[in-house]
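Engineer: Sequence and predicted structure below; questions after.
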Amino acid sequence: MPFNIPIALTWLRIAIIPLFVGLFYVPEILLPTALRDAIAAWMFVIAALTDWLDGWLARRWNQTSSFGAFLDPVADKLMVSAALLVLLNLDRVDSLIALVIIGREIAISALREWMAKIGASGSVAVHWLGKFKTAAQMIAIPCLLHHEDWFDLPAQLIGQILIVVAALLTVWSMFYYLKKAWPEIRART
C-alpha cells in the first residue's frame, strides 16, 4: 500500500468521520447545540477541502496510485453518508433525499466496480453531472449542519434548496451512467 501526503489526507478524511458523528453524542451541557452545529459544519468543510486538495496534490506531484483512486471515493461516500445520517437524525433532511443520494452512491460504485472488472471502466468515468452533484452536496450539507443564519444568509434554506438540487442531479447522473453502461450490461445478460 503506497503512502504519501495525498493518501494521508484521504485517511485524515476517514478519521474525521467518527469525530464528526461523535459530536452529536456530546451532552448539550458540555457542547451547546449552536456550537456543536458550527463545529460539525466546519469539520465537513475541512473534509471537503481535503478531498479537493488530495486530488490536486496527487496530480501535481505525480503521486497518483490505484490505491488512492480506490480510497478517495470511498472516503467521500463515507463522509457524505455519515453527514446525511446525522442530518436525518436531526430531522434536517428528508429520508427520501438521503435514500436517493446514498442509494445512488452504492449503485454507481457497484456499477463502476463491475465495469472495471470487465475492462470497460472508461464508459462510466466521472462526468460533469457527477461533479455538479458533488458540489451541490458539499455546499448543502454544511449549510444544513450549521442550521443558523450566517452573515444574514439563510443557511438552512440554502441547504434545503441545494440538497434537493443535489438529489435531482444524483438521479440524473445515475441515469447518465446507466445509459453509458447499458451496452455492456445488455451484452453480458
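Structural biologist: Looks like it came in fine.

Engineer: Can you tell me what sits against the helix or strand Pro142 falls within?
Structural biologist: Using DSSP states H and E, Pro142 sits within helix 128-146. If you take CB atoms under 8 Å, 6 or more residues apart in numbering as the criterion, helix 128-146 is touched by 37-38, 40-42, 44-45, 48, 51, 76, 80, 83-84, 86-87, 92-93, 101, 155-156, 158-163, 165-166, 169-170, 172-173, 176-177. To be clear about C-beta, it is placed using only N, CA and C from the backbone, and glycine gets the same treatment.

Engineer: What helices and strands are in contact with the helix or strand just after it?
Structural biologist: Counting by DSSP H and E, the next helix or strand C-terminal to helix 128-146 is helix 155-187. Helix 155-187 makes packing contacts with helix 95-117, helix 128-146 when contacts are defined by 3 or more CB pairs under 8 Å, 6 or more residues apart in numbering; DSSP states H and E.

Engineer: The first one to helix 155-187, inter-axis angle?
Structural biologist: Compare the direction of helix 95-117 with that of helix 155-187 by axes from the mean of the first three to the mean of the last three CA atoms, to 10 degrees and you get 40 degrees.

Engineer: With the last one instead?
Structural biologist: Counting by the same axes, to 10 degrees, helix 128-146 points 150 degrees away from the direction of helix 155-187.
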